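Colleague: 3D model of this:
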Amino acid sequence: MRRIGLLGGMSWHSSIEYYTKINDAVAKQLGGHHSAQILLDSCDFADIRALQEANDWAGNDASLVSTAQRLVDGGAEAVAIATNLMHKCAPAIEAQVDTPLIHMVDSIATMAKRRGYSTLAVLGTRWTMLEDFYTGRLEAQGIKTLVPDEATCLEVDQIIWDELTQGVFTDASRGRYIEIMNDLKTRGAEAVTLSCTEIGLLVPPEAAPLPAIDSVDAHVAAIVEWMMAGQNRPVIL
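Modeller: Sure, this is the predicted structure:
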């Protein structure tokens, strides 16, 4: 089994989901007492958030590159950023760290194609929805994307930062997210990608009003597929 290095803590609420789901998938495939070989570097998210709020993405690049290199030095054979937004820093890691990066957006595109979706609504932070690093990468792989209007994007973003990343999950926010998903469905979305790792904790895929891809589930599937390469076993997605 290959060893994965996770850049976690952004937020720790979803990092728990990564650790649990990766281990669960490995245990189901290998049986017995098998568990996943994981190195987890969990940051103090307040430091990352301060750089985001200052729009200091060079600072965040440097922070995540340092974390990824630390994981590689510790024995990780590939790394994965356990959050959607911080894939803004993926190009810096790919350029400066000599190990594969398992990219979350690629995993979502793969899952969408396997399920037959060609048009995805994207819900996440305002950067994720409105900047090209995320939706552009999906579009480049043949997946059309839809996002809310800018005012609604800011509303979605505020709920993420004021509530979800701090472990607060309310019925009011759940209802509002479902309303937004319904609007995107009427605009032609075949499915929605929950492109903030905490959204699936608020609105699980089975509670969404249209087919949903939880970004954590898609990313975990890709990570486990990479970890299990060479095992000569089918990957359970």
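
Colleague: D41 belongs to a strand?
Modeller: Yes - checked against DSSP: H, G, I helix; E, B strand; the rest coil, D41 lies within a strand.

Colleague: just grab the bridge partners of it for me.
Modeller: Beta-bridge pairing for D41 (DSSP bridges): L7.

Colleague: who's in contact with it?
Modeller: G5, L6, L7, G8, G9, T67, R70, L71 (Cβ atoms under 8 Å, 6 or more residues apart in numbering). Backbone N, C-alpha and C define where each C-beta goes, glycine included.

Colleague: ok, now which ones touch T119?
Modeller: I143, K144, T145, L146, G188, A189, E190, A191.

Colleague: count of neighbours near the nearest residue to it once chain neighbours are set aside?
Modeller: Distance criterion Cβ to Cβ, 6 or more residues apart in numbering; nearest residue to T119, sequence neighbours excluded, is K144 at 4.4 Å. A count of nearby residues for K144, using other Cβ atoms under 10 Å, gives 14.

Colleague: likewise for R70?
Modeller: 16.

Colleague: let me see the mean pLDDT of the host helix or strand of it.
Modeller: According to DSSP states H and E, R70 maps onto helix 57-73. Here helix 57-73 scores 98 as its mean pLDDT.

Colleague: ok, residues contacting that helix?
Modeller: 5-7, 39, 41, 43, 47-48, 51-52, 79, 81, 86, 88-89, 92-93, 96-99, 101.

Colleague: can you do 7 Å?
Modeller: 5, 7, 39, 41, 43, 48, 51-52, 79, 81, 86, 88-89, 92-93, 96-97, 99 (Cβ atoms under 7 Å, 6 or more residues apart in numbering).

Colleague: packing partners of whichever helix or strand comes after that helix?
Modeller: The helix or strand immediately downstream of helix 57-73 is strand 78-81, counting by DSSP H and E. Contacts defined by 3 or more Cβ pairs under 7 Å, 6 or more residues apart in numbering; DSSP states H and E place strand 78-81 against strand 4-8, helix 57-73, helix 215-227.

Colleague: to what extent is A62 buried, counted in neighbours?
Modeller: Counted with other Cβ under 10 Å, A62 comes out at 15.

Colleague: ok, the one 3 residues further on next?
Modeller: Using other Cβ under 10 Å as the criterion, V65 is surrounded by 17 other residues.

Colleague: repeat that for D98.
Modeller: Neighbours around D98, by other Cβ under 10 Å: 7.

Colleague: for it, helix, strand, or coil?
Modeller: coil.

Colleague: may I see the PyMOL selection of the buried members of the contacts of T119?
Modeller: In PyMOL, this line selects whichever of those come out buried by 16 or more other Cβ atoms under 10 Å:
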select buried, resi 143+145+146+189+190+191
